[in-house]
Structures are given as structure tokens and as C-alpha cells.
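here you go, sequence then predicted model.
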Amino acid sequence: MTDSVPGESVISRVVRLMSAFDRSLPTMTLSGLARRAGLPLTTTHRLVQELVRHGLIEKVSGDELRVGMRMWELGARGSLALGLQEVALPYMEDVQATVRQHTTLAILDRGSVLYVERLSDPESPLDAAHIAQRMPIHAASSGLVLLAYSDTAYQDEVLSLPLEAVTTDTITDPSIIRKHLADIRQRGHVAIPGIGHMDWIGIAVPVFGIAGKIAASLNAIVPRGEANVPAIIPSLLTAAHGISRTLGADNRLPGSRRL
């Protein structure tokens, strides 16, 4: 059964196909791709032929298909995420030397948190915040930091939507979230355990760009029972200030007095 929409554009159908691939299912057969994308098999076959010809989808062993390297190449050209990665990585390495778990960089994109870089200790017991993974804004410390420094109209828009619980500790009451946002703006950081995953705590600080606009969130993700938050925050703030300065932000950043 398909859920294709009559009159749906070719581009919309291509986006469906490409969005069907993810970390949990990086390869699939043509019929599996059609089912997952909710498109007729004949439509999927026709579009996949074109996508393979352009290198956006690749054929692997047997009848399996996967996202092609051409897609990565096109996505990397002039990408905001790539520019942020290049600037942030040296500073993230300094944080990771202290954290020794996960250090991540996240941005807001299309109404959710998108992780664009991650450094991880191979011995970490956590499997958290992979590159290109998304999280609901209200269910991640990084999302709350990004929202705290966004304009009030965007905050109102996000908090007017249904806020689903990801864990039993996820905050879904808009009034409580607003209190956290005010606290973040005053303190310059946030550390709330269990809102995205019961086993970890995310510690997040803002990264600013030109004109002091929020550009990203720098985050440490550590086991909930082992988190030494006071020891981690200074490292995050120092790194975030360095990234912000490199991006062209004013030296008088929110929270800079706490460095």
C-alpha cells in the first residue's frame, strides 16, 4: 500500500525516496524502498533508474541500493554545516579531551535540532547524537539553548505545537520550558538530565555568529550518573567563545563574562 499524493511533484517523490534511507537502514531493495517511501513500485523503479544514473543512489551487492557519494558531494558544497564543522573542530577537540564521552555541534533546521558534528570516545557506553541525526527542539539540551537565543516569535511558534515526550523526563509544558529559556539566557548554559534519553545528560552552550545571532549549540553528552557538570561547563564556554569569535561574533557575547 502506498500513500503517494495525487499531483505530487517529482521532486517531492525524490525527497521521499532519499529520506527513506537512514542510519538504521542504510541499504534496501527496490521493493523495500518503495514500501518505506510510500510510493508505487513502478514509480520507484523509474525514479531510481534516474537517480542511479546521476550517482545519487548506488547499487551495492545483490539487489541492494544505498545513497550515492554524489549526494554527499553535492551536499558538502557550500554547506553551512561544513563551514561550522571546519571552524568548530579544533575547539571541540579541546572539549572532548575533558569530557571523554561525546562532544557535539548542533543547529536548528526545519523545526528540529540537527547534529552536524560529533566527537566520541570509542569506549563510551552511550550511543548518542550521531551526525545528521535529528531531535525535537524541546527534547534536547542543545535544542533548548538554540531556542533560548532565537527570536520570541520563533519561540512562540515552537511552543504552540504539540510537544511529545521522548522520555518520562521530557519537558512538555510550555510554561516550564519558557522558565528554562529565561534561565539559559541568564546563565549562558543548560544541563538537564534525561529529556532526550534517560541514560544521559546533555550540557549545552550557545555559539553565536555575525551580529550576535545564534548559530549553533556546542554540547557535551555524558552518562547521567557520572556527570561532573561544574567541571565541564567552563570548557564548553571557552570553546564556544572561540568558535563564535572565529565566526565573526562580537566579543561581548551573552555569557562571555562567565568565561
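Received it, and whenever you're ready, just let me know what you need.

for the most centrally placed residue in the chain, which three-state class applies?
The centre of the chain sits closest to residue 114, judged by CA atoms, centre = their mean, with a distance of 1.9 Å. Assigned by DSSP: H, G, I helix; E, B strand; the rest coil, the conformation of residue 114 is strand.

that one touches residue 129, doesn't it?
No: with contact defined as CB atoms under 8 Å, residue 114 does not reach residue 129; the gap is 10.2 Å. C-beta: built from backbone N, CA, C; applies to glycine.

and the residue sitting furthest away from the middle of the chain, what element?
No residue in the chain has its C-alpha farther from the mean C-alpha position than residue 42, which lies at 33.8 Å (CA atoms, centre = their mean). Using DSSP states H and E, residue 42 sits in helix 41-53.

what element comes up after that helix heading to the C-terminus?
Note on helix 41-53: by DSSP H and E, the next helix or strand toward the C-terminus is strand 57-59.

which neighbouring elements make contact with that next one?
For strand 57-59, the contact count by 3 or more CB pairs under 8 Å, 6 or more residues apart in numbering; DSSP states H and E identifies helix 41-53, strand 65-67 as packing neighbours.

ok, and what's touching stretch 111-118?
81, 84-85, 88-89, 92, 102-108, 129-137, 140, 142-143, 146, 158, 216-217 (CB atoms under 8 Å, 6 or more residues apart in numbering).

from the residues you listed, keep the buried residues only.
Buried members of those, scored by 16 or more other CB atoms under 10 Å, are 81, 84-85, 88, 92, 102-108, 129, 133-137, 140, 142-143, 146, 158, 216-217.

which of those fall within helices?
81, 84, 85, 88, 92, 142, 143, 146, 158 (DSSP state H).

which of those has the weakest pLDDT?
The member of those with the lowest pLDDT is residue 81, at 77.

ok, now which ones touch that one?
Residues near residue 81 by CB under 8 Å, 6+ apart: 107, 114, 116, 117.

just to revisit the earlier point, turn the ones in helices among the buried ones among the contacts of stretch 111-118 into JSON lines, including distance to residue 29.
Shown next, in JSON lines, are those (distance: CB to CB, whole Å):
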{"residue": "81", "distance to residue 29": "30"}
{"residue": "84", "distance to residue 29": "36"}
{"residue": "85", "distance to residue 29": "33"}
{"residue": "88", "distance to residue 29": "38"}
{"residue": "92", "distance to residue 29": "38"}
{"residue": "142", "distance to residue 29": "35"}
{"residue": "143", "distance to residue 29": "35"}
{"residue": "146", "distance to residue 29": "38"}
{"residue": "158", "distance to residue 29": "38"}
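
quick check: which element contains residue 238?
When elements are assigned from DSSP H and E, residue 238 belongs to helix 229-247.

buried ones in that helix, by neighbour count?
232-233, 235-244, 247.

now do stretch 209-224
Buried positions in stretch 209-224, judged by neighbour count with 16+ other CB under 10 Å: 209, 214, 215, 216, 217, 218, 219, 220, 221, 222.

just the strands in the stretch 151-259 of the chain please.
Per DSSP state E, counting those that start in this stretch, the stretch 151-259 of the chain carries strands over the ranges 190-193, 200-208, 214-223.

strands paired with the last one, and their directions?
Translated: strand 214-223. strand 102-109 (antiparallel), strand 200-208 (antiparallel) (DSSP bridges).

same check, this time on the first one
Using DSSP bridges, the neighbouring strands of strand 190-193 in the sheet come out as strand 200-208 (antiparallel).

the ones in helices among the buried ones among the contacts of stretch 111-118: which two are farthest apart?
Maximum pairwise distance among those (CB to CB): 26.3 Å, between 92 and 158.

still on that earlier bit, in CSV, list the buried residues of stretch 209-224 along with pLDDT and distance to residue 179.
Listed next are the buried residues of stretch 209-224 as CSV, based on pLDDT from 0 to 100; distance: CB to CB, whole Å:
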residue, pLDDT, distance to residue 179
209, 93, 27
214, 96, 19
215, 96, 24
216, 97, 24
217, 98, 19
218, 98, 23
219, 97, 21
220, 96, 23
221, 94, 23
222, 92, 24
